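*Asks:* Would you be able to build a 3D model of this:
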Amino acid sequence: MNGIKFAEIIEAELRKQGKTKGEFYEAVGVSATALYGWKRGAEPKRETIEAVEKYFGISLNGAEKSDPREELREDLRILLHSASDLPPSSVYELVAEIHKRKEMGKVDSSS
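*Replies:* You can find the predicted model right below:
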């Protein structure tokens with residue numbers, strides 16, 4: 001499971017269920033550092049996903065997207081999120097490379 005999506009689900013459930021992060025960390029056996037890592041894209045362990053499901057009483061099986069276009073959109077969202085930590089010149093280089101590949105026919109812009 002994508003770490004960023006995982007972190008978003010955790011924070012949404014905390015708000016929805018009126019629980020604190022401290023309660024969550026203690027009950028699930030994770031740290032604030034783990035949540036920070038997921039927000040940055042680290043992939044959670046299967047055991048952690050199961051513990052989160054049990055804690056919140058939810059199933060995350062359907063949280064994974066099977067449509068390749070949705071996966072691409074998620075990857076692009078992660079890329080844009082990560083780009084905030086990059087110097088502008090690196091972002092411009094990346095965009096130029098995407099345009100170059102699009103012109104060469106390696107990127108389909110219709111989806």
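*Asks:* V30 touches I49, doesn't it?
*Replies:* No. If you go by C-beta atoms under 8 Å, V30 and I49 don't touch, sitting 11.1 Å apart. From N, CA and C alone the C-beta is placed, and that goes for glycine too.
*Asks:* was I right about I10 contacting A27?
*Replies:* No. Contact between I10 and A27 fails when scored by C-beta under 8 Å: they sit 11.8 Å apart.
*Asks:* just how off-centre is the helix or strand bottoming out on mean pLDDT in the chain within its chain?
*Replies:* Ranked by mean pLDDT, DSSP states H and E, the weakest helix or strand in the chain is helix 68-83, scoring a mean of 71. Relative to the centre of its chain, helix 68-83 is centred 9 Å away, using C-alpha atoms, centre = their mean, to the nearest Å.
*Asks:* and if you look at stretch 76-89?
*Replies:* Counting by C-alpha atoms, centre = their mean, stretch 76-89 comes out at 13 Å from the chain centroid.
*Asks:* Name the residues that touch it?
*Replies:* The contact list for stretch 76-89 (C-beta atoms under 8 Å, 6 or more residues apart in numbering) reads 2, 4, 40-41, 90-91, 94.
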